[in-house]
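Engineer: Dropping the sequence and predicted coords here.
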Amino acid sequence: MSEASNDPMVRPIPAPVVNLETQAFWDAAREGRFLIKRCVDCGKAHWYPRAICPYCASGETVWEESPGEGAIYTYSVMRRSQTGPYAIGYVTLDEGPAVLTNFLGVPPDALSIGLRVKVRFQDTDGGPPVPVFAPI
């Protein structure tokens with residue numbers, strides 16, 4: 001079980017679809033490592049992991065391990081949920097890409113734009129763990 005599974009703010013998340021293009025990402029997630037892609041041609045890091053650079057359309061991309069740290073760019077609190085209130089939002093990684101994510105380890109009302117966060121991994125039902133973010 002991942003570290004996030006003991007957090008009272010955790011809500012169930014369905015298993016992601018794993019395909020050939022994202023397999024390395026999910027394999028690393030099972031090991032507790034967070035990977036992003038970087039374009040060899042333009043040098044920009046991007047998220048969601050994909051083979052083609054979304055900035056310059058180059059097929060020359062490489063996997064890069066990230067510390068998974070960044071700041072909350074924006075978030076929204078979902079109050080009407082069978083599992084209780086939860087928050088989703090975007091984190092801008094220190095490498096530049098923005099990641100759509102869930103937050104844990106903090107009540108939704110305690111979140112703030114600019115709050116420094118770090119990636120954690122949450123178990124899913126029958127699939128690899130998914131990245132979520134918690135305050136540093």
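Structural biologist: Received it, and whenever you're ready, just let me know what you need. Residues are numbered from 1 along each chain as shown.
Engineer: now the chain, which segments are flagged as low pLDDT?
Structural biologist: Applying pLDDT under 70 to the predicted model, the residue ranges of the chain that meet it are 1-9.
Engineer: Which stretches in it count as helices?
Structural biologist: Counting by DSSP state H, residue ranges of the helices within the chain are 23-30.
Engineer: Please, where are all the strands along the chain?
Structural biologist: In the chain, the segments counted as strands under DSSP state E are 34-39, 45-46, 61-66, 69-78, 86-93, 98-102, 116-122, 130-135.
Engineer: Could you say which one of the ones you listed comes nearest to residue 18?
Structural biologist: In terms of CB to CB, the element of the strands of the chain nearest to residue 18 is strand 130-135, at 11.1 Å. C-beta here means a position set from N, CA and C on the backbone, and glycine is covered the same way.
Engineer: quick one: buried residues of that closest one?
Structural biologist: Residues of strand 130-135 classed as buried: 130, 131, 132, 133, 134 (neighbour count, 16 or more other CB atoms under 10 Å).
Engineer: show me the contacts for the residue sitting furthest away from the middle of the chain.
Structural biologist: Distance from the C-alpha centroid of the chain peaks at residue 41, with 24.5 Å (CA atoms, centre = their mean). The neighbours of residue 41, taking CB atoms under 8 Å, 6 or more residues apart in numbering as the test, are 53, 56, 58, 60.
Engineer: go again using 10 Å as the cut-off
Structural biologist: Contacts of residue 41 were listed using CB atoms under 10 Å, 6 or more residues apart in numbering, and they are 53, 55, 56, 57, 58, 59, 60, 61.
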